[in-house]
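Asks: quick one, what's the 3D model for this:
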Amino acid sequence: KRQFCLMMHAEVLKLQKADQDEIAACYAAAVKCTVPDIEELCLERKLLSIQEINMILEYEYYHKEKDFADRCRELMVFVEHVVYDDLSKVKIYPKIVHYYLQETFAREDPPRTEEVSESLRICDQAIEMLRNTGRAFYLLELLEMKARLLESMGQQLQESEELRSAYQECTQLADLFRKLSAEYNVPAYMRDCAYLYQQRWVFYIGDVLRIRREMYGLTQKELCSGICSVKTLRRAEKKESNMQQAYLGALLRRLGLSKEFQRARLVTDDREVLRLRREISTSRNNQDYVKCRELLSQIKEKISIEIPENRQFIMELEVSLDWMENKITKEEFVSREKGALQCTLNTKQLFGVRQVYLTELEIFCIRKIIQGLDGEERKMYINFLLNFFKLIENKYELSCFISMYEFVMTYIASELGNLGEYQKATELNKKILRESLACKRICIVDGILYSMQWNEREYRLKCRQVFDKTKMTKCMEQCILLSHFCKQNLNEKFYYSKLY
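Replies: Below you'll find the predicted structure:
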């Protein structure tokens, strides 16, 4: 806690343009909380968090007791070779590269040709990391750095078609991100390190117990029966004390949850299972259903289906695969999705309670159920999810739920458009886009831009108004640029087909 407060204080000092020595002292105090040997640090012997790497980077930047560029190179190598997942690496590696390139450009002597080539390689490596993950941490800064590096090549840039193409794409992307940031009133450039401390899908356990108990229509006495005293539950719900793990586990199980309900869609300590789940997600997106089923078979052998969350994951995936392969009817699809939901949420009070707590997979199931519904029941489920996320928005907590928010709301916006509610769909799309840009997530931006343009076209056709095809072409060009950057080949091909 002390380290976090010191880091945030240092970030505030930077924004206030405080004295450099004061900022340096604050970073030094922060990093020494967990890395006391910072002055003689040997990275090869350390196991560091992403937050600690960021602190070391800032510490070295403000102290510069050795060549800062060399220190950046050491940190780059460390991040490249330590076992972080891609979504962890992408949070810090582009920042290190940005600091490194800034230091390189700050030197008085112009860089030699080989130095420019090496800087381009490093810059491209960081940008490629962002492309692979659909993130935009320091992306605009890196695109501008890349443009400057290419410009410094002078005659070589003019003579190489490949370099000119890279320069054009780089500047077009930078212009587009600046335009979108201005239009949606989000910072175009990175301002602080607060994003490194953002936690996803976090609830206070007392709130979970209370909200979930009310969803099931249980009194405190009914929930506690045979497990613990009412006083123990009451104190936990009021955030007055922590609860023993044995009691907590039993209460959560009675409410359809396990103690790991926040951490993963599968309850397991086997890292191989989590790797297989990630592979399933990729195969599912690529519509490789055969591979999905092969991976699911491997997961079944490694987890307990007695755990409700695990059983729910398997049931939902199986029904989704059957649906995508046209093996079941719409009615069967809805029935089986509802069955998967009931593994952890066996209550009829879903639509009538004041507050709702849902796991990610429960929301996923509800979102899928909507696909098979019609009429008033469909609208009821859509309104339920809109209200669910509205409550989160009112607490200014959408960034903690951004992944599921994007997944659910882009679908609902599309459905609203299909129902002819074009303006309402566009307003929702604008809200999603603003939140995604603020969280530096760009993999769905092309789809949202296309959806808004489609809504405008359909609205104008409905009102018998003239539709500007030039505007549509401009939008398609932006979508092509973004989908190509995020390596969404199917999307890119689709947008090309829509060019006027």
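Asks: give me the nearest residue to the spatially most central residue of the chain, chain neighbours excluded.
Replies: Geometric centre of the chain, nearest residue: S403, 4.8 Å, by CA atoms, centre = their mean. Closest residue to S403 apart from its sequence neighbours, by CB to CB, 6 or more residues apart in numbering: R200 at 7.0 Å. In short, each C-beta sits where N, CA and C put it, glycine included.
Asks: surely I127 meets M145?
Replies: No: counting by CB atoms under 8 Å, I127 stays clear of M145, with 9.6 Å between them.
Asks: that older thread, got a pLDDT number for the residue nearest to the centre of the chain?
Replies: pLDDT for S403: 90.
Asks: for the host helix or strand of it, name the packing helices and strands.
Replies: For S403, the host element (DSSP states H and E) is helix 402-418. Helix 402-418 sits against helix 360-371, helix 375-394, helix 422-438, helix 445-462, with contacts defined as 3 or more CB pairs under 8 Å, 6 or more residues apart in numbering; DSSP states H and E.
Asks: which stretches of the protein have low pLDDT?
Replies: 65, 108, 201-202, 259-265, 347, 349, 500 (pLDDT under 70).
Asks: touching, R71 and E60? I think so.
Replies: Yes: R71 is in contact with E60 according to CB under 8 Å; the separation is 4.6 Å.
Asks: what about the residue nearest to S403, how many residues close to it?
Replies: Using other CB atoms under 10 Å, R200 has 12 other residues around it.
Asks: from R121, how far out is it?
Replies: 33 Å (CB to CB, to the nearest Å).
Asks: follow-up on the earlier one: so which of the helices and strands packed on helix 402-418 comes closest to I53?
Replies: Comparing these by their distance to I53 (CB to CB), the top pick is helix 422-438, with 23.5 Å.
Asks: ok, and for that closest one, which residues are buried?
Replies: 422, 425-426, 428-429, 431-438 (16 or more other CB atoms under 10 Å).
Asks: and these, which two are furthest apart?
Replies: Pairwise over the buried residues of helix 422-438, using CB to CB, the maximum falls at Y422 and A438, 24.8 Å.
Asks: the residue lying closest to E151 once chain neighbours are set aside: which element?
Replies: Leaving aside its sequence neighbours, E151 sits nearest to L157 (CB to CB, 6+ apart; 6.8 Å). Assigned by DSSP H and E, L157 belongs to helix 155-159.
Asks: neighbouring contacts of that helix?
Replies: Helix 155-159 is contacted from outside by L150, E151, L163, R164, Y167, using CB atoms under 8 Å, 6 or more residues apart in numbering.
Asks: the third one and Q156, how far apart?
Replies: As defined by CB to CB, L163 lies at a distance of 7 Å from Q156.
Asks: overlap in contacts, the two.
Replies: Joint contacts of L163 and Q156 (CB under 8 Å, 6+ apart) do not exist.
Asks: next, the closest residue to A250 other than its chain neighbours: phi, psi?
Replies: Distances taken as CB to CB, 6+ apart place I227 nearest to A250, at 4.6 Å, with adjacent residues excluded. Reported as degrees, to the nearest 10, the phi and psi values for I227 are phi -120, psi -60.
Asks: heads up, I number from 6, so please use that
Replies: Taking 6 as the first residue, the last one we looked at is I232.
Asks: could you report the separation of I232 from L257?
Replies: Distance from I232 to L257, by CB to CB: 10 Å.
Asks: also V88?
Replies: For V88, the distance to L257 - CB to CB - is 31 Å.
Asks: what about those two, which has more around it?
Replies: Per other CB under 10 Å, whichever of V88 and L257 has more neighbours is L257, with 18 against 6.
Asks: secondary structure element for that one?
Replies: Going by DSSP H and E, L257 is in helix 250-259.
Asks: so what touches the following helix or strand past that helix?
Replies: Next helix or strand after helix 250-259 toward the C-terminus (DSSP H and E): helix 276-290. For helix 276-290, contacts defined as CB under 8 Å, 6+ apart pick out 269-271, 273, 294, 296-297, 300-301, 303-304, 307-308, 322, 325.
Asks: 7 Å instead?
Replies: Under the criterion CB atoms under 7 Å, 6 or more residues apart in numbering, residues A269, R270, L271, K296, C297, L300, L301, Q303, I304, K307, I308, L322 lie in contact with helix 276-290.
Asks: please indicate which of these are buried?
Replies: R270, L271, C297, L300, L301, I304, I308, L322.
Asks: what about these, which are in helices?
Replies: Cross-referencing the buried ones among the contacts of helix 276-290 against helices under DSSP state H gives C297, L300, L301, I304, L322.
Asks: correct me, but the first one touches D327?
Replies: No: in this structure, C297 sits apart from D327 without contact. The criterion is CB atoms under 7 Å, and the distance is 11.2 Å.
Asks: which residue packs closest to E411, ignoring adjacent ones?
Replies: I449 (5.5 Å).
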